[in-house]
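Asks: here are the coordinates; sequence isn't available:
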C-alpha cells in the first residue's frame, strides 16, 4: 500500500493544509489513511482539532525514550493521525544536527503499518532533516508542493529532487499573469508535474483557523473539489505501486 | 546552471498533444511532425517577458527523458 510524503519546495506553499486535505479526501473516498506529521512545527494535528498547545507526539515520545504508538489518534470519518509533538530545545538540536536513528522505531514499523493502512502519508518540512534520508528510500512517491512564483521557480531550477518526486501546484491565482506564465512554462517543461491545479482559495486558508481539513470545513469550495481530484489522481497513479 | 528538473519546452510535444498523437496513430502518419506554432510562440513570449525565466530555462537541446 502506498507510502508517500508531501514536502514543500519551500515553506509557506500550503503543504500541511494540503496534506490534511488529501488525507481527508482519501478517507472520504473509502481509503484507510494514516497521516504522520514529520514537521517539528507540529501543526498537522491542529487541522484535526487537536489543541494548539498539544505537545505530545511520536517524535517527542521517541526523543524521551517512549513508545510512538501511544501518540496515535483517530479522527471521526477521517484519517488516523500521528502528531509530531513539540520538542524541547535540546531534542530539536538532536533531530536537526545529529541523530538520524532517532526516528528508527517508527520507520522500522512502516512495513507493518502498510499492511494495516491503504495510504500512509508523511507531512515533511521543506528543509530536510537527517532522518528523512532513511525515509526517502522507503517512499513510493514524493509530492513536492510548489506555487507559481519566482522563488519556487528558482528552487525548481536549482535543486536536485529525490527519485519518484512529482510536483503539484498549490495556491494558483488565475488573475496573475506571472502565475499563468509559470503554469504554462511548467506544464511544458517541468518533468513529473501532476497535470492538475489547486487554486488559491480562502477556504483553504481558513481551514487551519477552523481546526478542520478543508474538505470537512467547506466541502464544496473549489480547493476541496480540486483536492478530491488530486486524491483520485493518486488512486489512479500511485495505488498498486508497492506490494 | 545545470538544470535537473526543467527541460526544454519545445522538446516534449509528443507527450502533451494527445489528440494529435491519437490522430497520427489512427492514420499511420508516423512521418508527420506536428508543431503547435501558437504554443511555441506563447512560450517564447513568456521566456522573453521575464528575465529570470530566460536565465533558468535551458537554451541548448539536451536529452531529458
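Replies: Perfect, I can see it now. Quick caveat, the model's predicted, so the values are computed rather than measured.

Asks: CA atoms for contacts and neighbours, from now on please.
Replies: Noted.

Asks: pLDDT-wise, which helix or strand of chain B ranks last?
Replies: The weakest-scoring helix or strand in chain B, judged by mean pLDDT, DSSP states H and E, is helix B:13-16 (a mean of 52).

Asks: tell me the mean pLDDT for whichever helix in chain B runs longest?
Replies: The longest helix of chain B (DSSP state H) is helix B:37-49. Here helix B:37-49 scores 87 as its mean pLDDT.

Asks: Let me know the outermost residue of chain A.
Replies: Here chain A reaches farthest from its C-alpha mean at residue A:177, the gap being 28.1 Å by CA atoms, centre = their mean.

Asks: Next, find the distance separating that one from residue A:16.
Replies: Here the criterion is CA to CA, to the nearest Å. By it, residue A:177 lies 26 Å from residue A:16.

Asks: same thing with residue A:187?
Replies: Counting by CA to CA - residue A:187 and residue A:16 are separated by 24 Å.

Asks: The two: which has the busier surroundings?
Replies: Ranked by neighbour count (other CA atoms under 10 Å in any protein chain shown), residue A:187 and residue A:16 place residue A:16 first, with 28 against 17.

Asks: Show the contacting residues for that one.
Replies: Taking CA atoms under 8 Å, 6 or more residues apart in numbering or on different chains, we find residue A:16 in contact with A:43-44, A:123.

Asks: residues touching residue A:85, list them.
Replies: Going by CA under 8 Å, 6+ apart, residue A:85 touches A:40, A:42, A:54-61.

Asks: where exactly do the helices run in chain A?
Replies: With helices called from DSSP H, chain A shows them at A:15-28, A:58-63, A:89-93, A:104-116, A:132-135, A:150-158, A:177-189, A:202-209, A:214-217, A:222-237.

Asks: and residue B:6, which of these is closest to it?
Replies: helix A:177-189 (5.3 Å; CA to CA).

Asks: Now that closest one: buried residues?
Replies: A:178-189 (16 or more other CA atoms under 10 Å in any protein chain shown).

Asks: which of those are close to chain B?
Replies: Among these, the residues within reach of chain B (CA under 8 Å from any CA of the partner chain) are A:181, A:184-186, A:188-189.

Asks: want to try TSV for the residues you listed, with distance to residue A:231 as columns?
Replies: Below are these laid out as TSV (distance: CA to CA, whole Å):
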residue	distance to residue A:231
A:181	26
A:184	23
A:185	24
A:186	21
A:188	23
A:189	24
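
Asks: just to revisit the earlier point, report the inter-axis angle for the longest helix of chain B versus helix A:177-189.
Replies: 120 degrees (axes from the mean of the first three to the mean of the last three CA atoms, to 10 degrees).

Asks: Show me what helix B:37-49 is packed against.
Replies: Contacts defined by 3 or more CA pairs under 8 Å, 6 or more residues apart in numbering or on different chains; DSSP states H and E place helix B:37-49 against helix A:177-189, helix B:51-56.

Asks: Columns distance to residue A:204 on top of those, output as CSV?
Replies: Converted to CSV, these look like this (distance: least, CA to CA, whole Å):
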stretch, distance to residue A:204
helix A:177-189, 19
helix B:51-56, 29
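
Asks: Could you point out which of these sits nearest residue A:203?
Replies: With CA to CA as the criterion, residue A:203 lies closest to helix A:177-189 of these, at 20.0 Å.

Asks: from the chain's centre, how far out does the closest one sit?
Replies: Remark: helix A:177-189 is offset 24 Å from the chain centroid, using CA atoms, centre = their mean, to the nearest Å.

Asks: again with stretch A:30-38
Replies: Offset of stretch A:30-38 from its chain centre (CA atoms, centre = their mean): 10 Å.

Asks: now swap in stretch A:2-18 and tell me
Replies: Here stretch A:2-18 is found 4 Å from its chain centre; the criterion is CA atoms, centre = their mean.

Asks: Okay, buried residues for it please.
Replies: The neighbour-count check on stretch A:2-18 (16+ other CA under 10 Å) flags A:2-10, A:13-18 as buried.

Asks: Ok, stretch A:52-63 next?
Replies: A:56-63.
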